[in-house]
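Participant: generate coordinates for the sequence data below:
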Amino acid sequence: MVGQAVRNERISPLVVGRDMVELSHLQFADDTILFCPPEDETMKNYKRLLRWFELMSELSINFDKSSLIPINCEEQWVQRMCSLWGCKEGTLPVRYLGVPLGANPKLDKTWKPIIDKVEEKLSLWKVKVLNKVGKLVLIKSVLNSFPVYYLNLYKMSKAIAEKLISLQRRFLWSKEDGRNGMALVRWELVQALKKLGGLGVGDTMVRNTALLFKWWWRFAKEECPLWKKVVCSCNNLKPDELLATQVLSTRGGPWKNICQL
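Facilitator: Purely as a prediction, here's the structure:
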């Protein structure tokens, strides 16, 4: 319905970058993001389209849980559109699919939800009923998985990585009463692969680099999906050439960190 409305020029999509890539909506599971320039008519037509969807599907959209997130828009216009839609005004960064979009990964507060989640989980585990093998399993299967969504998009600072390592180290070597215990081996050995004599916990910084490098691999292997069109349009890249052969972006945002690997 959105695509048809764009083709019929009832809705104006957001035009992105050098190649004028049209962006009207993104959907994943039950999450939907609608994009548009600050035009009254487009906003009204979006609202009509959603109303038609409600009538045809017999579903009801909860606009109280929806947000209008303006970027460089006049405040009066934003307030008027929020009233029209019956939704609240949102601000960047906004959490979408577990990742804070528009956040600065260099700031500690961006990673604070990860640190808080790890500390919360550690506070619930009963140290006195866990031996070191059990603790090791929990670190590898649970604690290491918390930051994965972030690590797929943002470059982690050394300070945040050291904070996570400190929490893991303290948990692994803690005594039955919860007090700090003596480390039996160096943490580098705990991180090392099992085939190299380590315990296989892994290095968060190395994992972060590997996950970010997947974008280089996807850029080379995937034909030209929407994300690649947007990246090429915004960073003057050629979609049919390897990233290693092109002048990479020095602009801000996640793509800059990916280019600097």
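Participant: what's the most centrally placed residue in the chain sitting at in phi/psi?
Facilitator: Ranked by distance to the mean C-alpha position of the chain (Cα atoms, centre = their mean), the top residue is Val99 at 2.8 Å. When read as degrees, to the nearest 10, the backbone of Val99 gives phi -120, psi 140.
Participant: quick one, what contacts it?
Facilitator: 149-150, 152-154 (Cβ atoms under 8 Å, 6 or more residues apart in numbering). Just so you know, the C-beta spots here come from the backbone N, C-alpha and C atoms, and that holds for glycine as well.
Participant: can you give the domain ranges for this protein?
Facilitator: 2-91, 102-261 (automatic domain parsing).
Participant: would a markdown table of these with mean neighbour count be doable?
Facilitator: Output for the domains of the chain, formatted as a markdown table (neighbours: other Cβ atoms under 10 Å):
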| stretch | mean neighbour count |
| --- | --- |
| domain 2-91 | 13 |
| domain 102-261 | 14 |
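Participant: lowest-confidence stretch among these?
Facilitator: Ranked by mean pLDDT, those end with domain 102-261 at the bottom, a mean of 88.
Participant: grab the nearest non-local neighbour of Gly86.
Facilitator: Leaving aside its chain neighbours, Gly86 sits nearest to Phe63 (4.3 Å; criterion: Cβ to Cβ, 6 or more residues apart in numbering).
Participant: out of the contacts of Val99, which are inside helices?
Facilitator: Members of those lying in helices (criterion: DSSP state H): 149-150.
Participant: show me the two of the contacts of Val99 that sit farthest apart.
Facilitator: Tyr149 and Tyr154 (9.4 Å; Cβ to Cβ).
Participant: before we move on, back to that, hey, what's the residue nearest to the centre of the chain bridged with?
Facilitator: On the basis of DSSP bridges, Val99 is bridged to Tyr96.
Participant: check His25 too.
Facilitator: Here His25, judged by DSSP bridges, has bridge partners Leu34.
Participant: and Arg51, how close does it get to Pro37?
Facilitator: Distance of Arg51 to Pro37, given as Cβ to Cβ, to the nearest Å: 21 Å.
Participant: contact partners for Gly102?
Facilitator: Gly102 touches 92-94, counting by Cβ under 8 Å, 6+ apart.
Participant: how does it look with 6 Å?
Facilitator: 92-93 (Cβ atoms under 6 Å, 6 or more residues apart in numbering).
Participant: tell me how far it lies from Asn152.
Facilitator: The value you get for Gly102 to Asn152, if Cβ to Cβ is used, is 16 Å.
Participant: next one: Gly17
Facilitator: 22 Å.
Participant: just Trp85 next, same as before
Facilitator: Taking Cβ to Cβ, one finds Trp85 at 31 Å from Asn152.
Participant: the residue nearest to Glu39 when sequence neighbours are not counted sits in which helix or strand?
Facilitator: Among residues not flanking Glu39 along the chain, Ser12 sits closest, at 5.7 Å (Cβ to Cβ, 6+ apart). Taking DSSP states H and E as the definition, Ser12 sits outside all helices and strands.
Participant: show me where the stretch 1-150 of the chain has its helices.
Facilitator: Assigned by DSSP state H, counting those that start in this stretch, the helices in the stretch 1-150 of the chain fall at 2-7, 40-57, 75-85, 108-124, 132-141, 148-151.
Participant: the third one relative to helix 40-57, how many degrees between them?
Facilitator: Meaning helix 75-85. 20 degrees (axes from the mean of the first three to the mean of the last three Cα atoms, to 10 degrees).
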